[in-house]
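Trainee: just a sequence and a predicted model for now, questions to come.
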Amino acid sequence: MSSTAEQEEAPRTTGRPAAGNGAPRREPDGPPVWPGAPMPLGARFRVGPDGVAGTNFALWAAGAEAVELCLFDAAGRETRLPLTELTHEIWHGFVPGVGAGQRYGYRVHGRWDPWTGARWNAAKLLLDPYARAVDGTFTLPSEVYGHVRDWPDQHVADTVRDDRDSAPFVPKGVVVHDDDDWADDRRPKTPWADTVIYELHVRGFTKLHPGIPPELRGTYAGLAHPAAIGHLRRLGVTAVELLPVHQFAHEDHLLRRGLRNYWGYNSIGYFAPHADYAASGTTGGQVGEFKQMVHALHDAGIEVILDVVYNHTAEAGELGPTLSLRGIDNRGYYRLQQDARRYADYTGCGNTLHVVQPHVLRLITDSLRYWVTEMGVDGFRFDLAAALARSMHDVDMLSPFLAVIAQDPVLRRVKLIAEPWDVGNGGYQVGAFPPLWTEWNDRYRDAVRDFWRGALPDVRDLGYRLTGSSDLYAWGGRRPYASVNFVTAHDGFTLRDLVSYEHKHNEANGEDNRDGTDDNRAWNCGAEGESDEEDVTALRRRQLRNLLTTLLLSTGVPMLVAGDEMGRTQGGNNNAYCQDNETGWLDWSLLERPEWRELTELTSRVLALRHTHPVLRRRAFFAGTPQAPDGLRDLAWFTPEGTEMTEGDWYAPAATLALYLSGRDIPGRDATGGQVTDDSFLAVLHAGHAPCDVRLPGPPWATAYELVLDTSREDQSAAPGTVRLGGTVLSVPGRSVLLLRVRK
């Protein structure tokens, strides 16, 4: 509503408390509703009594006074069918003749009393939390809000009920009938230690790809196309981590600025593939298209990991829209403050799901199992996972959510990645998640960035990060692959921007550059932004090679961000969550330029080395003690003078580190029970601007070394191959990584 006159005409209810919006009505010409069953939740097509086919609808709505199932035809006409059966707080009914493609929603009746957390409003059509497909887009006009948005006194606006019908303005759930049992699917089942993650956005990765047909760009079908999969295979990654693909909504403040939520961290449908990423329509075709994408990736040996957002929903705080859970049972689904009118917000997004509530926990685990068993995915990265691990208020590693995951026969077998923090007190939990879980390791990110920009006060932390972060993860049976190592992620600078900008440039987001972090730990190599100076651009490309090579040679699970291997830039925007345009999309024309094509080839080359050599992807932590009769350790650190580092060396700043990785002392056995052995390597990391003389460790460490990688070189196609004797001095170029294979 935009004027006082409109406010006066708008239906509303004031006072406390108020009853529902009238009794449910039954359409006289509507289909019959049989009792049906309370399980499973959602809309499930099945053959009912007497062999009659139809759909069973079941909705958990504790505290509701009545529930109406609303069916919509192709013209948008609504038929309301009261669900009269109530079993254990689940309203249910079977509607014969209703099949795949049927659009539907719910109206839930109950008390309007925001002061106690009751926000039922049957004028608002609600999305089924278990809907498997969603037709339509959330545009968020004022009609979809349960309260009067333009109430003159904004301090109490959320307490004044808006009785206008929202049905014409909101998407509908879609009944899906799909019996794909994945019997012929070949899941890669890549061991954690062998995993290389590639974080990508379905739309952004494919939108500008010249090898993908235009009609498939930006879609699941586009990602399944051989041109897209071919790039992934050439790189050598083993898993794609997809930014959110659950159905999500765009925030009102973005829509008013002509922007969209591009990343998708604003979920509203935990079972539905986001419809905008489908080339096959929005009335159920998106489900089959997503499955075909997963099949294609599996056939290529690539696992599919979903970035999932179960910590909050798109309904935001008390001033947010009423789209689904708020109108079904606000007090049951969300954490509320002592003042139940307000939401507990551990996410920074206005609300937090009440995961200790059994039916909310069930919603999440049912969703997870669905994506594994019926959609074929191989794992999940949990956004703000600490919020899910909170019991009542504090983060608790024995919380119901973590306990349920640990014992679930389906979920405990897939890849589980925690973003181990949230925005609440005590929310930073890096290193604290239990076995079965891996974690995004931001301490790895910070240490590696600081080393290569010359900002480390000492090298203690870097030593741990390069070798699996045993200080964080060597407990409870956890392994080095508990650490997901990354230098960049979707949130923050791209790798190219990390070496081109020191300050964020987020003006295009429309928030006066206030959004996004100021802690970038970036170095622009002497000029802010794009530069035509050859010495600046050459140094930046060298720094990119250093950062990528460090990441891919480190112990743990490396995570690359799509496009970093080819110099993708966002123009210094470190929070491109609303940039659904060329800023956020991957520019494939970069591969036409030799310097970026060579960076891609270096990435592929280092990943091939990692795949070939088990010493670079260890399944157990280094012992750092003698492991062989000759007294050599499995891991040793050296100064540029060729002497082993002392305790004091770790507490001093250093621009040069050399680490010896023994390939003959690798714990574990191969598939046939044989000892795992490999070549040994010496890696030299030199962050100083000038060349540095490094004395190569001689016998018994090595009699000679063969140069394998040298990041000071732009072109790696001519392998260095130079052999150096142990004990001799090697001149290491400024700002470079050298990898040398030991020759006995």
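Mentor: Looks like it arrived, so ask away. Quick caveat: nothing in here was measured; it's all calculated off a predicted structure.
Trainee: going by C-alpha atoms from here, please, whenever you check contacts or count neighbours.
Mentor: Fine.
Trainee: which residue ranges of the stretch 601-744 of the chain form strands?
Mentor: 635-638, 656-661, 681-686, 692-695, 704-710, 723-725, 729-732, 736-743 (DSSP state E, counting those that start in this stretch).
Trainee: mind listing residues that contact the longest one?
Mentor: With contact meaning CA atoms under 8 Å, 6 or more residues apart in numbering, strand 736-743 is reached by 542-543, 546, 549-550, 679-687, 702-712, 732.
Trainee: please check the residues you listed and keep the buried ones.
Mentor: Using 16 or more other CA atoms under 10 Å as the burial test, the contacts of strand 736-743 include 542-543, 546, 549-550, 680-687, 702-712, 732 as buried.
Trainee: can you pull out the strands in the stretch 351-500 of the chain?
Mentor: Using DSSP E, counting those that start in this stretch, strands in the stretch 351-500 of the chain cover 379-382, 415-418, 437-441, 483-485.
Trainee: and among those strands, the most buried is which?
Mentor: Each of the strands of the stretch 351-500 of the chain was scored by mean neighbour count; the highest is strand 483-485, a mean of 28, by mean count of other CA atoms under 10 Å.
Trainee: residues touching Asp512, list them.
Mentor: Contacts of Asp512 (CA under 8 Å, 6+ apart): Asn506.
Trainee: next one: Met566
Mentor: Met566 makes contact with Leu590, Leu591, Trp596, Arg597, Leu599, Thr600, according to CA under 8 Å, 6+ apart.
Trainee: start and end of stretch 330-350, how far apart?
Mentor: 13 Å (CA to CA, to the nearest Å).
Trainee: buried set for that stretch?
Mentor: 330-336, 340-347, 349-350.
Trainee: before we move on, what about stretch 253-262?
Mentor: For stretch 253-262, by 16+ other CA under 10 Å, it's Leu259, Arg260, Asn261, Tyr262.
Trainee: pLDDT below threshold where in this structure?
Mentor: Scanning the chain for pLDDT under 70 picks out 1-28, 180-181, 627-628, 716-719.
Trainee: per-domain residue ranges of it.
Mentor: The chain breaks down into these domains under automatic domain parsing: 4-174, 622-743.
Trainee: where do the helices sit along the stretch 1-150 of the chain?
Mentor: Along the stretch 1-150 of the chain, counting by DSSP state H, counting those that start in this stretch, helices occupy 4-9.
Trainee: residues in contact with the helix or strand hosting Gly327?
Mentor: Gly327 belongs to helix 325-333 when assigned by DSSP states H and E. By CA under 8 Å, 6+ apart, the surrounding residues in contact with helix 325-333 are 60-64, 108, 117-122, 124, 126, 129, 315, 334, 353-355, 357, 360.
Trainee: most neighbours per residue, which of the domains of the chain?
Mentor: domain 4-174 comes out most buried of the domains of the chain by mean count of other CA under 10 Å, with a mean of 20.
Trainee: how far off centre is it?
Mentor: Between the centre of domain 4-174 and the centre of its chain there are 31 Å (CA atoms, centre = their mean, to the nearest Å).
Trainee: swap in stretch 715-730?
Mentor: Its chain's average C-alpha position is 40 Å from that of stretch 715-730, according to CA atoms, centre = their mean.
Trainee: ok, stretch 355-367 next?
Mentor: Offset of stretch 355-367 from its chain centre (CA atoms, centre = their mean): 20 Å.
Trainee: tell me the centre residue of the chain?
Mentor: Asp307 (2.8 Å; CA atoms, centre = their mean).
Trainee: and Leu402, what does it touch?
Mentor: By CA under 8 Å, 6+ apart, the contact list for Leu402 reads Ala389.
Trainee: with Gly204 instead?
Mentor: With CA under 8 Å, 6+ apart, Gly204 has these contacts: Gly218, Asp580, Gly584, Trp585, Leu586.
Trainee: quick check: which element contains it?
Mentor: Under the criterion of DSSP H and E, Gly204 resides in helix 202-206.
Trainee: for the following helix or strand past that helix, the distance to its chain's centre please.
Mentor: Using DSSP H and E, the helix or strand that follows helix 202-206 in sequence is helix 220-223. Here helix 220-223 is found 18 Å from its chain centre; the criterion is CA atoms, centre = their mean.
Trainee: what residues does helix 220-223 touch?
Mentor: Helix 220-223 has contacts (CA under 8 Å, 6+ apart) with 202-203, 205-206, 212-213, 216, 228-229, 277-279, 289-290, 292-293.
Trainee: got the residue ranges for the helices in the stretch 501-650 of the chain?
Mentor: Secondary structure of the stretch 501-650 of the chain (DSSP H, counting those that start in this stretch): helices at 534-553, 594-612, 647-650.
Trainee: most tightly packed of those helices?
Mentor: Most buried among the helices of the stretch 501-650 of the chain, counting by mean count of other CA under 10 Å: helix 534-553, with a mean of 21.
Trainee: residues in contact with the closest residue to Met39 other than its chain neighbours?
Mentor: Leaving aside its sequence neighbours, Met39 sits nearest to Ala58 (CA to CA, 6 or more residues apart in numbering; 6.9 Å). When contacts are counted by CA under 8 Å, 6+ apart, Ala58 is found next to Ala37, Pro38, Met39, Pro40, Leu41, Gly42, Ala43, Ile90, Trp91, His92, Gly93.
Trainee: among those residues, which two are most distant?
Mentor: Farthest-apart pair in these is Ala43 and Ile90; separation 12.9 Å (CA to CA).
Trainee: return the distance of Asn546 relative to Val499.
Mentor: 11 Å.
Trainee: now do the shared contacts for these two.
Mentor: Common neighbours of Asn546 and Val499 (CA under 8 Å, 6+ apart) do not exist.
Trainee: re earlier: among the buried residues of stretch 330-350, which are located in helices?
Mentor: Applying DSSP state H to the buried residues of stretch 330-350, the entries found in helices are Asn330, Arg331, Gly332, Tyr333.
Trainee: make CSV out of these and add distance to Trp452.
Mentor: Below are those laid out as CSV (distance: CA to CA, whole Å):
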residue, distance to Trp452
Asn330, 49
Arg331, 49
Gly332, 49
Tyr333, 46
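Trainee: excluding chain neighbours, what is closest to Trp437?
Mentor: Leaving out its chain neighbours, the residue that sits closest to Trp437 by CA to CA, 6+ apart is Leu416, at 5.2 Å.
Trainee: quick one: the one you found and Ser483, what's the gap?
Mentor: Between Leu416 and Ser483 the computed distance is 12 Å (CA to CA).
Trainee: common neighbours of those two, please.
Mentor: Joint contacts of Leu416 and Ser483 (CA under 8 Å, 6+ apart) are Thr438.
Trainee: out of the strands of the stretch 601-744 of the chain, which gets nearest to Leu609?
Mentor: Closest to Leu609 of those, according to CA to CA: strand 704-710, at 9.5 Å.
Trainee: what sits against Tyr481?
Mentor: With CA under 8 Å, 6+ apart, Tyr481 has these contacts: Trp192, Ala193, Thr438, Gly468, Thr555, Gly556, Val557, Arg619.
Trainee: now those as a markdown table including distance to Tyr104?
Mentor: Output for these, formatted as a markdown table (distance: CA to CA, whole Å):
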| residue | distance to Tyr104 |
| --- | --- |
| Trp192 | 41 |
| Ala193 | 45 |
| Thr438 | 39 |
| Gly468 | 50 |
| Thr555 | 50 |
| Gly556 | 46 |
| Val557 | 43 |
| Arg619 | 49 |
